[in-house]
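**Q** return a 3D structure for these sequence lines:
(chains A and B)
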Amino acid sequence: MAEATIPTFMRGKDKIMSLSDAVKTFIKPGTCICPGGFSYTKKPFALAREVIRQDIGNLFITMNGGASICEFWCAAGLVKLLDTTYIGLEGIQPVAYSVRRSIQDGTVDVEDYSNYGFGLRTVAGRYGWPFAPLMSEFGTSFMDHDTFGKMGLRGKKADGSWIHPSIAPARAAVIEDPFDGWGLRPHAFEGGDATSNQTNFLDQVRESTAYTGNKGVKCILVPPILPEVTIILAQRVGEKGTTRIEGIWGPDNEQAISAKNCIVQAEKIVTEEELRAQPYSNTIAMQYIDAIVQVPYGGFPGQVPYYYDYDWDFWRAYTQINRKDKAEVNKYIRDWVMEDEWTFLATRPGDGYPTITGTKGLERLFELRADALYGYRPGLARPL
Amino acid sequence: MERKRMRARITEEDLRLSERVEPKESFETWQKVIDAAWDMTIVAVAYNDMRIPLKRVPETLESLESTISSVTDEKTLDVIEEEVKTGIRHFSDILEGARDSRERMDRILRATWNRRVQLKT
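**A** Got it, this is the predicted structure:
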């Protein structure tokens, strides 16, 4: 095939970039970023640290599943808008403290969806749907709030362009189900939703006049997420962008495809041929990937299934740090990331928190190595 | 004892970040260590997927072997022959790759021990 006929995304190896160049090229002040991964798992922390090093502020974060990256960015004072669901650090700190404090003191404005609602938004983004339907936010207070609407960020400007290209003109919309509840898995409703509960819930739904004033089944529509940049972490990425994720996918596939641009942080860049041997095992096709950065261990202090486990001791200490004075936390996070990723990886693991062995740097990282038979490290101490 | 110490409250002293120190080992050396570790991991993960069927293959082959004496059609023997020849090709590749890697691992362990002795003297 002549070079000229090869689509741009398939040409050469120009998607492979340094960490610093990838961030400089795609992330600007105010960019709408969608961090991938789930909770502590497969979070692209190297890219997140580079954003802090380059001090790119005023960010708009849209994300599903865990707040660990957002926590660091809020600690560094880089976030302005947050479109999200649950914002905790899982078991170690149920509400990520820097995120919570930034919302409470008005530094960050937050739009909140249920986990399911947000998940559907990512699915809509992936498939190019104009919206996705759900019912689970009915009866909750989600429907009463619209932060971005109140801020005047929704809708169009006088010239017809969107006020914010990554913010939908409405938080959600309610419609009457044109199929009258036909598709709501009737076997789960008709005659009761359980053998012990003979209430025909669907009949009650049909009688309700809530939300529209009319009787009948209603449905909430939520808009897709359309981030400007999605950042994800994958174990193996082909030199042209084919991405193979092993272990939990989280919302990575949907979020990568929803975005205008996607940067993938790879544990290892391999040949496309290696990944084509089992094409059905690949997660994201090359045309959705715009930049590839190779940072082995770049998921630290998080976990990358089969490669390394998360550093529990770090998180345990960090949840003491992030409760300190805001300026002190900001200084800590900026000192913690150091001047470049290699210096960081060679120095910071095991530094500034107690561990059983007291090892630091790469030696500490290798203590976190996962057993490939399990995907994690059995026996890793997780004291509370 | 160590775990008890870990459960103790983290002190302010524990949380202090160190001053920048030059890494003792070079970036290039660590890159090579990680590169080899990640490649061995990729193979280990793939092996994990075939671990159970691989253990099953000797049993199914044994069962096939015992059936050969009762085959009545020569065309069946053709099929068996073809399947086993394909198996030999694939399994020889696996064996060759595994043997080659395993030998190198032994050499690395010897070299590591030698280097350790040199560093001590």
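**Q** ok, now how distant is the nearest residue to residue A:238 once chain neighbours are set aside from chain B?
**A** Nearest non-adjacent residue to residue A:238, counting by Cβ to Cβ, 6 or more residues apart in numbering or on different chains: residue A:272, 3.9 Å away. Placement of C-beta: from N, CA and C, glycine included. As judged by Cβ to the nearest Cβ, to the nearest Å, residue A:272 and chain B stand 15 Å apart.
**Q** same check, this time on residue A:201
**A** Per Cβ to the nearest Cβ, residue A:201 is found 43 Å from chain B.
**Q** same thing with residue A:33?
**A** Applying Cβ to the nearest Cβ, the value for residue A:33 to chain B is 26 Å.
**Q** and that residue, what element?
**A** Taking DSSP states H and E as the definition, one finds residue A:33 inside strand A:32-35.
**Q** let me know how buried the residue nearest to residue A:358 when sequence neighbours are not counted is, in neighbour terms.
**A** In space, and not counting its chain neighbours, residue A:358 is closest to residue A:350: 7.2 Å by Cβ to Cβ, 6+ apart. For residue A:350, the neighbour count with other Cβ atoms under 10 Å in any protein chain shown is 23.
**Q** wait, residue A:350 touches residue A:362, no?
**A** No. Shown here, residue A:350 and residue A:362 do not form a contact pair, counting by Cβ atoms under 8 Å, at 9.8 Å.
**Q** chain center to the strand holding residue A:33, what's the gap?
**A** Here strand A:32-35 shows a centroid-to-chain-centroid distance of 7 Å under the convention Cα atoms, centre = their mean, to the nearest Å.
**Q** mind giving me the packing neighbours of it?
**A** Using 3 or more Cβ pairs under 8 Å, 6 or more residues apart in numbering or on different chains; DSSP states H and E, the elements in contact with strand A:32-35 are strand A:59-62, strand A:229-238.
**Q** count the residues that sit near residue 74.
**A** Picked chain A for this. Using other Cβ under 10 Å, residue A:74 has 30 neighbouring residues.
**Q** try again with chain B
**A** Residue B:74 has 7 nearby residues by other Cβ under 10 Å.
**Q** next one: residue A:235
**A** For residue A:235, the tally of surrounding residues (other Cβ under 10 Å) stands at 24.
**Q** for chain B, see how far away it is.
**A** 8 Å.
**Q** one step back: list the contacts of the residue nearest to residue A:238.
**A** A:238, A:239, A:240, A:242, A:286 (Cβ atoms under 8 Å, 6 or more residues apart in numbering or on different chains).
**Q** and the residue of the stretch 1-150 of chain A found nearest chain B, what's its pLDDT?
**A** Closest to chain B within the stretch 1-150 of chain A is residue A:92: 12.6 Å, counting by Cβ to the nearest Cβ. Looking at residue A:92, its pLDDT reads 82.
**Q** which phi and psi does it have?
**A** Dihedral pair for residue A:92: phi -80, psi -30, per degrees, to the nearest 10.
**Q** I'd like the distance from the longest helix that chain B contains to the chain centre, please.
**A** Secondary structure of chain B read by DSSP state H shows that its longest helix is helix B:74-120. Centroid separation for helix B:74-120 versus its chain: 11 Å, with Cα atoms, centre = their mean.
**Q** need the outlier residue of chain B, farthest from its centre.
**A** Going by Cα atoms, centre = their mean, the residue of chain B most distant from its centre is residue B:72, 42.7 Å out.
**Q** what does the stretch 151-300 of chain A put close to chain B?
**A** For the stretch 151-300 of chain A, the residues found near chain B under the criterion Cβ under 8 Å from any Cβ of the partner chain are A:235, A:236, A:246, A:267, A:268, A:296, A:297.
**Q** tell me the pLDDT at the last one?
**A** Residue-level confidence at residue A:297 comes out at 97, pLDDT.
**Q** which residues are in contact with it?
**A** A:267, A:308, A:345, A:362, A:365, B:34.
**Q** where do the helices sit along chain A?
**A** Using DSSP H, helices in chain A cover A:19-26, A:45-53, A:68-75, A:97-104, A:115-127, A:147-150, A:201-207, A:252-258, A:272-276, A:312-321, A:326-337, A:341-347, A:361-367.
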